[in-house]
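Asks: this is a predicted model, with the sequence first.
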Amino acid sequence: MTDYSGSGTEETDTTVDLVIRNDLSDPLIENQAYSTNEQGGVAFKLDEDTETVRFDVNNDSTTLVDDAGINLAAGRNYTLILIGQLAGSGDQVPRLKRFVQSAQAIASNQVRVRLIHALSDASGETVSVDVEGDNVVSSLGYGMATGYVTGVPAVAGQLEMEITLSAGGSSTKTCTVEGGKSYDAIITHPSYDSAAVAVFCQQVARS
């Protein structure tokens, strides 16, 4: 989630709590700052093997996402991303997106990667992405993800991507990876108050 308001409090305004089942006394995640680093996972017990869990995302002053019902299955791992802008409207309203992770055995000199478009400042645009010189997707919409792409070479621990916006402009970004692993490559902004483009790679659990 981003905030371009110029209020002077953008950093604290984009620090959030993730609450499940309206249990404000025991947030799943508390005071989470904007980050483009790999995040550690958290786990909780489902009431059933498959459950639609109600999530709220709050900052210090307001509820950003209210009772978002997300279907979760026991034994699965997920990437959850909060996308949007603090005071956004339309496509830029803050939303919590769920992406099911999957791990798979691959060669130690390769990585497996899925791309996720989370550029809130470019919510009306699609992105085209080349990974290590090969086109992976030509028109990925905001809040959407590709399937996992296999056989991507791991070059000196770096994954290089060229990202082109449909409205024009492209940039080359890299993220740190380890051969033999799967990653969610999240295309987003480098900070809570920047409209520039960044990519960070979240390693898939159990890969």
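Replies: Nice, thanks for sending it over.

Asks: so which helix or strand of the chain has the lowest pLDDT on average?
Replies: strand 149-153 (a mean of 93; mean pLDDT, DSSP states H and E).

Asks: surely residue 78 and residue 101 touch.
Replies: Yes. With contact defined as Cβ atoms under 8 Å, residue 78 reaches residue 101; the gap is 6.1 Å. Where you see a C-beta, it was placed from the backbone N, CA and C, and this is true even at glycine.

Asks: one step back: tell me the helices and strands packed up against the least confident helix or strand of the chain.
Replies: Contact analysis of strand 149-153 by 3 or more Cβ pairs under 8 Å, 6 or more residues apart in numbering; DSSP states H and E lists strand 110-117 as its packing neighbours.

Asks: tell me the angle the strand it packs on makes with strand 149-153.
Replies: Per axes from the mean of the first three to the mean of the last three Cα atoms, to 10 degrees, the angle that strand 110-117 makes with strand 149-153 is 120 degrees.

Asks: and strand 110-117, what other elements does it pack with?
Replies: strand 95-100, strand 127-131, strand 134-140, strand 149-153, strand 158-165, strand 182-188.

Asks: list the neighbouring strands of the next helix or strand after the fifth one plus their orientation.
Replies: From strand 158-165 onward toward the C-terminus, using DSSP states H and E, the following helix or strand is strand 170-176. Strand 170-176 has the following strand partners under DSSP bridges: strand 158-165 (antiparallel).

Asks: quick one, the partner strand and strand 127-131 angle?
Replies: Using the same axes, to 10 degrees: strand 158-165 against strand 127-131 is 160 degrees.

Asks: and strand 158-165, average pLDDT?
Replies: What strand 158-165 shows for mean pLDDT is 96.

Asks: low pLDDT regions in the chain?
Replies: Applying pLDDT under 70 to the chain flags no residue at all.

Asks: what residue lies at the spatial centre of it?
Replies: Among the residues of the chain, the one closest to the centroid is residue 81, at 4.2 Å (Cα atoms, centre = their mean).

Asks: other SSEs contacting the lengthiest strand in the chain?
Replies: Of all segments of type strand in the chain, defined using DSSP state E, the longest is strand 63-73. Using 3+ Cβ pairs under 8 Å, 6+ apart as the contact test, the elements touching strand 63-73 are strand 50-58, strand 78-83, strand 95-100.

Asks: re earlier: the more surrounded of residue 78 and residue 101?
Replies: residue 101 (20 against 15; other Cβ atoms under 10 Å).
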